[in-house]
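Peer 1: Provided below for reference: sequence and predicted model.
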Amino acid sequence: MWSSSLLLCLLLQNGTTPLVQDLLARIEALEKRVAELEQEKKSAPAVPAPAATPQAATPQVFPPSAGAHQGGGGAVPQDAGVPEYPSLHINGFADVNFSGSDQRGTHSGFNEGQFALHFVSALSPKVNFFGEISLTARPDAGLGPPGAPAAPGFNAEVERSIVRFDQSDRFKVSFGRYHTPINWWNTAYHHGQWLQTTVSRPEMIQFGGSFLPVHFVGALVEGSVPAGSLNLNYNVGLGNGRSSTLSRAGDAGDVDNNRAWLANLSVRPDKLYGLQIGGAVYHDKLNLTSGQNFKEWISSGHIVWNRENPEIIAEFSNVTHKDYSGIVATANSQAFYIQSGYRLPFNARVWKPYYRYEYIHIPRSDVPFRNVPNLSGSVVGMRYDLSEFAALKFEYRRQRRAPGEPSVNVGFLQTSFTF
């Protein structure tokens, strides 16, 4: 603030003498009021600071009631760091393919691969849900018998729907629709071609195939036990067996009163990181559409070195069918594959060549597998990772279905990704 004497000099120089008295009076009144306020502030007693109050305990927040809207829970106020239930996360997978073959009756071209969504939701600290839905293009889209609705463009399928209670790492109980833990590939690689190195799965465990039961509806107990440094993993399951169509699970109920059961054991030694050795057994009663009934025993084993340098996967399965009536001879069908891959160390490690040999043998006496084809063939390819979430795969297959038949050559180009 300017002083009154300085302001007076300026006003006099400007010849504004009649206005000086009034302005000086106003300035003096303002300065007097400021001095009074400063004096009151100095003489006022100090106000003590409020006593510290104990921090309120964080209120316990419960998940929404059973009647709340699905996917809700946001209406309940939450403190930072307090989990909210249910907590839903969604991941997606898709692929687009181009293929060409020298087999008669086939056409080269593009096709829309499988579109899959994974749903993961924590329902409580120890209860979780996992779901998987796939959409697969139909070759008969738009067709149908006269007067009937045309076939849709895609088949929608609930691939997995599992609710699991985790008591601990050693003991977990779940109910729902699973990928049957009958071999390693079926539980390691799910729908979503981006997950696996190759363009497609081995034929012995193909989706829609009949050699092994890909899906299983029932209950599963699983866990991991340290067992020294071996890290023993187990699965024990009880549920519906195959339907009368062997490629389908008993989704709507079992076809008889005999439950299927399975057991799976594997070890993962600490000293050999990436190595897994294990086996499984499965038992069911088959009820064919022809009215014949068979006991089915499946035994399988695997050795996996699950690393990028190298990747080695080897699996074998034997399927035994025994006729209940004893009229048809007992039959044993076998299948195996060996796959290897190696991620090249140069160019940011984005190139991964791979090779797989697979074999399926079905004897003529195996009545339940009379429509399952034999196979002997090789797969060689190269995977190129476009990013952390997308890949290109170049693959060549040479397969033969039966001795004496000509081999079929097929080329594939696939782009697969997750989002």
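Peer 2: The structure has been received and is ready for your questions. Residues are numbered from 1 along each chain as shown.
Peer 1: make it CA atoms for all contacts and neighbour counts henceforth
Peer 2: OK.
Peer 1: can you pull the contacts of Ser407?
Peer 2: For Ser407, the contact set (CA atoms under 8 Å, 6 or more residues apart in numbering) comprises 398-401.
Peer 1: Ramachandran coordinates for Phe171?
Peer 2: The phi/psi pair for Phe171 (degrees, to the nearest 10) reads phi -150, psi 110.
Peer 1: Give me the residue at the spatial middle of this structure.
Peer 2: In the chain, the residue lying closest to the centroid (CA atoms, centre = their mean) is His118, at 5.1 Å.
Peer 1: That one is in contact with Ala94, isn't it?
Peer 2: No. At 11.6 Å, His118 does not count as touching Ala94 under the criterion of CA atoms under 8 Å.
Peer 1: Next one, pLDDT for the nearest residue to Met204 once chain neighbours are set aside please.
Peer 2: Closest residue to Met204 apart from its sequence neighbours, by CA to CA, 6 or more residues apart in numbering: Phe211 at 5.8 Å. For Phe211, the pLDDT comes out at 98.
Peer 1: Phe211 touches Asn371, doesn't it?
Peer 2: No. Assessed by CA under 8 Å, Phe211 is found out of contact with Asn371, at 10.1 Å.
Peer 1: who has more neighbours, those two?
Peer 2: Phe211 (25 against 10; other CA atoms under 10 Å).
Peer 1: Confirm that that one lies within a strand, as I assumed.
Peer 2: No. Counting by DSSP: H, G, I helix; E, B strand; the rest coil, Phe211 is not part of a strand but coil.
Peer 1: Enumerate every residue touching it.
Peer 2: Phe211 neighbours (CA under 8 Å, 6+ apart): 204-205, 319, 369, 372.
Peer 1: most neighbours, which of those?
Peer 2: For the contacts of Phe211, neighbours tallied by other CA under 10 Å; top is Met204, 24 neighbours.
Peer 1: Now do the contacts for it.
Peer 2: For Met204, the contact set (CA under 8 Å, 6+ apart) comprises 211-212, 335-336, 360.
Peer 1: Closest one of those to Gly228?
Peer 2: Phe336 (30.9 Å; CA to CA).
Peer 1: so the closest one touches Glu315, yeah?
Peer 2: Yes. Counting by CA under 8 Å, Phe336 touches Glu315, with 5.4 Å between them.
Peer 1: Burial check on Ser224, number of neighbours?
Peer 2: 18.
Peer 1: Stretch 272-282 - what's its average pLDDT?
Peer 2: Stretch 272-282 comes out with an average pLDDT of 96.
Peer 1: can you check stretch 396-407 too?
Peer 2: Mean predicted lDDT for stretch 396-407 stands at 93.
Peer 1: buried stuff in it?
Peer 2: Using 16 or more other CA atoms under 10 Å as the test for burial, stretch 396-407 gives 396-401, 407.
Peer 1: Against Trp261, how distant is Gly237?
Peer 2: Distance, Gly237 to Trp261, using CA to CA, to the nearest Å: 5 Å.
Peer 1: got the contact list for Asp256?
Peer 2: Shown in contact with Asp256 (CA under 8 Å, 6+ apart): Asn287.
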